[in-house]
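Asker: structure for the following, please:
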Amino acid sequence: VGIVIPPWNFPLAILVGMTTAAIVAGNTVLVKPASPSPVIAAKFVELMEQVGLPAGVINYVPGKGSDIGDYLVGHPKTRFISFTGSKETGLHINELAAKTAPGQIWIKRVVAEMGGKDAVVVDASADVEQASTAIVQSAFGFQGQKCSAGSRAIVHKDVYDVVLTKVIEKTKALVGGSPDQNFAVGPVVDQSAYDKILEYIEIGKNEGRLVAGGEKAAGNGYFIQPTVIADVAEDARIMQEEIFGPVLAFAKAENFEHAVEIFNNTEYGLTGSLYSADRAHFEYAEKRMHSGNLYFNRKCTGALVGVHPFGGFNMSGTDSKAGGRDYLLLFSQAKAVSEQF
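Answerer: Numbers count the residues shown, from 1 in each chain. Prediction:
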């Protein structure tokens with residue numbers, strides 16, 4: 001029996017991937033959906049029952065993590081926990097799972113994807129128009145509420161000013177509104193996220209130069225202006241801490257190698273992007289840019305299932321590579337059988 005704990009930001013896609021991977025590997029699961037998105041999970045479970053999945057294979061267990069999460073993770077019959085969410089919650093799950101409960105006969109396995117502080121690096125030889133577009137898309141798509149969101153832009157000093165100018169223009173051109181009308185910018189998820197993001201914007205105003213956004217946005221909901229803060233030091237809080245909102249920090253690199261150093265100066269290691277026309281720099285980055293998913297001349301969000309197995313290093317999780325063939329092995333137990341004739 002495994003515990004599947006999906007996130008709210010991709011309430012169907014990630015839920016389906018996490019759950020079906022465990023099931024096709026031969027397990028039964030308890031699905032504990034994120035508190036903001038229980039209905040989609042309930043409908044998914046209903047659908048699985050309608051298509052013939054036997055009763056008891058998927059078990060829907062809604063509730064606050066603070067009320068039921070520790071019980072599910074700590075139960076002696078829990079064999080594994082598959083989790084996608086924040087670093088803090090993931091580390092708590094990992095710590096709790098490592099403790100042996102009375103009656104437990106196995107070491108619990110934790111499969112975790114815990115977020116990131118991802119970045120787009122722009123080299124001096126890059127196509128600045130493409131890079132600027134990718135920075136805006138990576139930072140503000142879904143209001144930055146993605147673990148892969150590019151919340152840092154690290155730009156070579158030779159093209160820093162022109163890239164920053166283009167990003168400011170493109171950011172200010174974004175139009176906010178209701179998601180059901182497919183506006184470029186919608187609200188953030190809830191009051192707690194709203195308050196946290198606005199607090200980080202105030203922190204950022206003291207750590208850099210506000211060049212776009214920086215305030216609440218109009219609308220009947222938790223709307224925040226897409227915000228760009230320039231000239232930020234690499235060790236600033238908005239360059240180090242996951243904000244999970246529409247806030248982009250801009251940092252200037254002295255040269256390409258320095259840009260890579262800034263990129264790696266984080267406890268996370270999920271996604272990254274490099275814009276360059278220098279093949280030698282791609283080869284350098286392959287070995288030295290430390291992220292589970294690295295993209296060249298492409299934005300750092302939008303991994304394609306079956307093409308870009310997803311998962312990161314360090315505090316971004318267990319590098320589980322969801323969407324890849326090896327992912328299923330995480331929900332199975334290897335056994336060697338031999339016979340002598």
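Asker: please count neighbours and contacts with C-alpha atoms only from this point.
Answerer: Fine.
Asker: give the contact list for residue 202.
Answerer: residue 214 (Cα atoms under 8 Å, 6 or more residues apart in numbering).
Asker: tell me how far it lies from residue 251.
Answerer: For residue 202, the distance to residue 251 equals 18 Å [Cα to Cα, to the nearest Å].
Asker: same question, residue 195
Answerer: Applying Cα to Cα to residue 195 and residue 251 gives a distance of 25 Å.
Asker: what's the answer for residue 69, then?
Answerer: In terms of Cα to Cα, residue 69 sits 39 Å off from residue 251.
Asker: cool, residue 21 as well?
Answerer: 39 Å.
Asker: neighbour count: the two, which is higher?
Answerer: A side-by-side neighbour count of residue 21 and residue 251, using other Cα atoms under 10 Å, places residue 251 first with 25 against 18.
Asker: quickly find the element holding the more buried one.
Answerer: strand 247-253 (DSSP states H and E).
Asker: distance between the next helix or strand after that strand and the chain's centre?
Answerer: Counting by DSSP H and E, the next helix or strand C-terminal to strand 247-253 is helix 256-264. Offset of helix 256-264 from its chain centre (Cα atoms, centre = their mean, to the nearest Å): 21 Å.
Asker: what's the following helix or strand after helix 256-264?
Answerer: Next along from helix 256-264, by DSSP H and E: strand 268-269.
Asker: can you list the strands that that next one pairs with?
Answerer: Partners of strand 268-269 in the sheet, by DSSP bridges, are strand 313-314 (antiparallel).
Asker: residues touching the partner strand, excluding its own?
Answerer: In contact with strand 313-314 (Cα under 8 Å, 6+ apart) are residues 267, 268, 269, 270, 290, 291, 292, 319.
Asker: can you map out the strands along the stretch 101-250 of the chain?
Answerer: 109-113, 118-122, 150-156, 209-212, 227-230, 247-253 (DSSP state E, counting those that start in this stretch).
Asker: hang on, the earlier thing: which of the contacts of strand 313-314 sit farthest apart?
Answerer: Maximum pairwise distance in the contacts of strand 313-314, criterion Cα to Cα, is 14.0 Å, between 267 and 319.
Asker: break this protein down into its domains, please.
Answerer: 2-114+317-331, 118-296 (automatic domain parsing).
Asker: ok so, going back, what packs against the strand holding residue 251?
Answerer: Counting contacts by 3 or more Cα pairs under 8 Å, 6 or more residues apart in numbering; DSSP states H and E, strand 247-253 packs against helix 128-140, strand 150-156, strand 227-230, helix 256-264.
Asker: any idea which of the ones you listed is most buried?
Answerer: strand 150-156 (a mean of 29; mean count of other Cα atoms under 10 Å).
Asker: what comes into contact with the strand holding residue 251?
Answerer: Strand 247-253 is contacted from outside by 139-140, 144, 150-157, 160, 164, 197, 201, 226-234, 238-239, 259, 262, using Cα under 8 Å, 6+ apart.
Asker: tell me the angle of it relative to strand 118-122?
Answerer: Orientation check (axes from the mean of the first three to the mean of the last three Cα atoms, to 10 degrees): strand 247-253 against strand 118-122 gives 40 degrees.
Asker: adjacent strands (with direction) for strand 247-253?
Answerer: Neighbouring strands of strand 247-253 in its sheet, by DSSP bridges, are strand 150-156 (parallel), strand 227-230 (parallel).
Asker: buried ones in the helix ranked longest in the chain?
Answerer: Scanning the chain for the longest helix, with DSSP state H as the assignment, gives helix 191-207. Under the neighbour-count criterion of 16 or more other Cα atoms under 10 Å, helix 191-207 has 193, 194, 197, 198, 200, 201, 204, 205, 207 buried.
Asker: what's the closest of those residues to residue 65?
Answerer: residue 193 (16.8 Å).
Asker: let me see the contact set for that closest one.
Answerer: Residue 193 makes contact with residue 245, according to Cα under 8 Å, 6+ apart.
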